[in-house]
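# Please work out how this folds:
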Amino acid sequence: MTLTAPERPFPAAPQDTEDVVDWVYSQSDRFDTNKLSLGGFSAGGNLALGLACRLVAKGKSVKAVVAMYPPVLLRRQNGRPSVAPNPHPEIGMVLKPPVTTAFDRSYLLPQVDGKNSD
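Numbering: from 1, shown residues only. Below you'll find the model as predicted:
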């Protein structure tokens, strides 16, 4: 079954990731929970980083996080998503502002404050 954002809007995805890891922790006879590693690409990387922060805050162990190109700086300027400048444009591929703005709009809905995800 695939769950998509329109049917399950924020905060469904972070809650789902935490539910999965809680289940893994409850199966300590099947899994070595001291070696739990998280990872993801793009939005999945963002979910992995957020989940790792929540788990560590609860005193749980996370061995590693591999986050490939996660969106991590979401903010608004004049009511619109704002793209942080690339500090090293000579390194790697740089997406053009219209593309990054489209991605930011996909992650940050108009009614959501990018400074506080609660």
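# low-scoring stretches of the chain, by residue?
By pLDDT under 70, the weakly predicted segments of the chain are 1-6, 73-95, 104-118.
# now the strands: where do they sit in it?
Assigned strands in the chain, in chain order: 37-41, 64-68, 75-77, 80-82 (criterion: DSSP state E).
# which of the residues in the first one are buried?
In terms of neighbour count (16 or more other CB atoms under 10 Å), strand 37-41 has its buried residues at L38, G40. Placement of C-beta: from N, CA and C, glycine included.
# Check which helices and strands that strand is in contact with.
With contacts taken as 3 or more CB pairs under 8 Å, 6 or more residues apart in numbering; DSSP states H and E, strand 37-41 sits against helix 43-57, strand 64-68.
# Indicate each strand paired with that strand and its parallel or antiparallel sense.
strand 64-68 (parallel) (DSSP bridges).
# Need the CA coordinates for the partner strand. CSV is fine.
Presented in CSV, the C-alpha positions along strand 64-68 are these (Å, rounded to 0.1, in the frame of the first residue of the first chain):
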residue,chain,number,x,y,z
ALA,A,64,24.0,6.1,11.8
VAL,A,65,22.0,8.3,9.5
VAL,A,66,22.6,8.4,5.7
ALA,A,67,20.7,11.3,4.3
MET,A,68,21.1,11.9,0.5
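# what's stretch 63-72 in contact with?
Stretch 63-72 is contacted by residues 34-46, 48-49, 52, 103-104, 107 when judged by CB atoms under 8 Å, 6 or more residues apart in numbering.
# Filter these down to the buried ones.
With burial judged by 16+ other CB under 10 Å, the buried subset of the contacts of stretch 63-72 is 36, 38, 40, 43-46, 48-49, 52, 103-104, 107.
# now, the most widely separated pair of those residues?
Distance extremes for these: the farthest pair is L36 and D104 at 30.0 Å, using CB to CB.
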